[in-house]
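> The following comprises the amino acid sequence and a computationally predicted model.
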Amino acid sequence: MPPIRCAWAGDDPLYQAYHDTEWGVPEYDSRALWEKLVLDGFQAGLSWITILRKRDNFRAAFAGFDPDIIAAWGEPEIARLLADPGIIRHRGKIAATITNAQAWQRIEAQQGFDRFLWDYVDGSPLQTHRATMADVPAFTPLSTQISKDLKKAGFRFCGPTIVYAFMQACGLVNDHIVPCHRHDPLTNP
């Protein structure tokens with residue numbers, strides 16, 4: 001009998017592996033959190049599986065998502081990335097990645113990007129215990145607040161829906177539905 005998963009994981013083995021090993025697992029590394037936020041920004045208007053299939057290409061094109069390298073980029077790098085068929089070639093999202101790297105540097109220097117984010121949930125994942133996917137919202141008051149604070153800090157492509165998807169992916173909130181085989185292990189990570 002195959003394990004019960006959140007319905008969005010579907011039948012794609014890549015999607016199922018992501019669901020089973022990454023999605024909802026608490027991430028505490030500042031750089032990894034930044035990478036996931038950037039990728040969620042690139043996902044806006046697209047499906048996550050599109051980003052997931054291109055993730056290795058993104059990592060290669062964006063210097064392993066090293067924000068200290070990307071923060072110094074300018075028009076030559078934007079032009080290079082716009083010509084790269086392995087990633088999503090959207091000028092606004094590419095430019096936002098540079099701006100977001102600069103914002104990340106400021107937050108990282110002040111308090112740590114990881115702490116900035118995890119302080120919103122007092123350091124522990126929020127446990128939602130949702131019964132079905134229909135119970136999972138697109139955004140919440142908390143994702144709206146985090147979005148506002150990120151924008152105030154200089155981030156772009158981080159609206160409340162993007163931020164909520166990011167919160168789910170990074171384990172700030174456990175939105176695996178209760179019947180899912182990943183719900184209980186992530187209830188007390």
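Everything's here; your move. For clarity, every value in this text was computed on a predicted model and none was experimentally measured. Numbering: from 1, shown residues only.

> For this protein, give me the ranges with low pLDDT.
The model of the chain has pLDDT under 70 over residues 189.

> Mind doing that once more with 80?
Filtered on pLDDT under 80, the chain yields the residue ranges 188-189.

> Show me the strands in it, by range?
Using DSSP state E, the strands of the chain run over 126-127, 173-174.

> The ones you listed: which one's closest to residue 140?
Smallest distance to residue 140 across the strands of the chain (C-beta to C-beta): 8.1 Å, for strand 173-174. Backbone N, C-alpha and C define where each C-beta goes, glycine included.

> That closest one packs against which elements?
strand 126-127 (3 or more C-beta pairs under 8 Å, 6 or more residues apart in numbering; DSSP states H and E).

> all helices for this protein, in order.
Ranges of helices in the chain, per DSSP state H, are 13-21, 30-43, 48-61, 67-70, 75-82, 91-110, 113-118, 141-152, 160-169.

> Mind putting these into JSON lines with distance to residue 7?
Shown next, in JSON lines, are those (distance: least, C-beta to C-beta, whole Å):
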{"stretch": "helix 13-21", "distance to residue 7": "10"}
{"stretch": "helix 30-43", "distance to residue 7": "18"}
{"stretch": "helix 48-61", "distance to residue 7": "13"}
{"stretch": "helix 67-70", "distance to residue 7": "34"}
{"stretch": "helix 75-82", "distance to residue 7": "34"}
{"stretch": "helix 91-110", "distance to residue 7": "28"}
{"stretch": "helix 113-118", "distance to residue 7": "27"}
{"stretch": "helix 141-152", "distance to residue 7": "21"}
{"stretch": "helix 160-169", "distance to residue 7": "14"}
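
> Of those, which is nearest residue 130?
helix 160-169 (10.8 Å).

> I'm done for today, thanks for sticking with me.
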